[in-house]
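1. Sharing a model prediction with you, sequence too.
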Amino acid sequence: MGAAVVKTLGRSGVAVTGLGFGGASIGNLYKEVSDAQAAETVRAAWDVGVRYFDTAPHYGLGLSERRTGAVLREYPRDEYVLSTKVGRLL
C-alpha cells in the first residue's frame with residue numbers, strides 16, 4: 001500500500017494515506033539529526049504523497065513534535081492528518 005492509497009480509520013471518518021511518516025527519527029531517538037535534515041525529511045515525505053504524520057512527546061522530549069509542526073505549517077491544514085500520543089510528562 002503506497003502513499004497514494006487513502007484509507008479511513010475505522011468508523012472515525014478520518015482518512016489517512018496508506019503510507020505514513022513516523023517521527024521518531026527526527027526526534028533524535030536513534031541518532032542525532034540536524035534541524036535542516038529533519039525538515040528535509042518531512043518535506044521529502046510530503047513530496048511523495050505522504051499526508052499522515054505521527055509523532056510523540058517521547059521522541060526527543062518533544063523535539064519531533066516541534067520539528068514536524070514547523071514544517072507542516074507550510075502546508076494547508078486540511079491536507080494532512082497529524083497524530084501524537086499522550087501520557088508522558090515533559
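-> Thanks, I have it.
2. How confident is the prediction for residue 35, by pLDDT?
-> With respect to pLDDT, residue 35 scores 98.
3. How about residue 19, nearest residue that isn't a chain neighbour?
-> Excluding the flanking residues, the one nearest residue 19 by Cβ to Cβ, 6 or more residues apart in numbering is residue 3, at 4.1 Å. Quick note: C-beta positions are derived from backbone N, CA and C, even for glycine.
4. in what helix or strand does the residue nearest the centre of the chain lie?
-> Nearest to the geometric centre of the chain sits residue 53, at 2.5 Å (Cα atoms, centre = their mean). Per DSSP states H and E, residue 53 falls inside strand 52-54.
5. before we move on, back to that, quick check, the residue nearest to residue 19 in contact with residue 49.
-> Yes - if you go by Cβ atoms under 8 Å, residue 3 and residue 49 touch, sitting 3.6 Å apart.
6. can you give me how far the helix or strand hosting residue 70 is from the chain middle?
-> Using DSSP H and E, residue 70 falls within helix 63-72. The chain centroid and the centroid of helix 63-72 are separated by 8 Å under Cα atoms, centre = their mean, to the nearest Å.
7. Mind checking what helix or strand follows it in sequence?
-> Heading C-terminal from helix 63-72, the first helix or strand you meet, by DSSP H and E, is strand 81-83.
8. tell me what that following strand is packed against?
-> strand 52-54, helix 63-72 (3 or more Cβ pairs under 8 Å, 6 or more residues apart in numbering; DSSP states H and E).
9. out of the ones you listed, deepest packed?
-> strand 52-54 (a mean of 21; mean count of other Cβ atoms under 10 Å).
10. Show me the shaky parts of the protein.
-> The chain contains residues with pLDDT under 70 at 1-2, 88-90.
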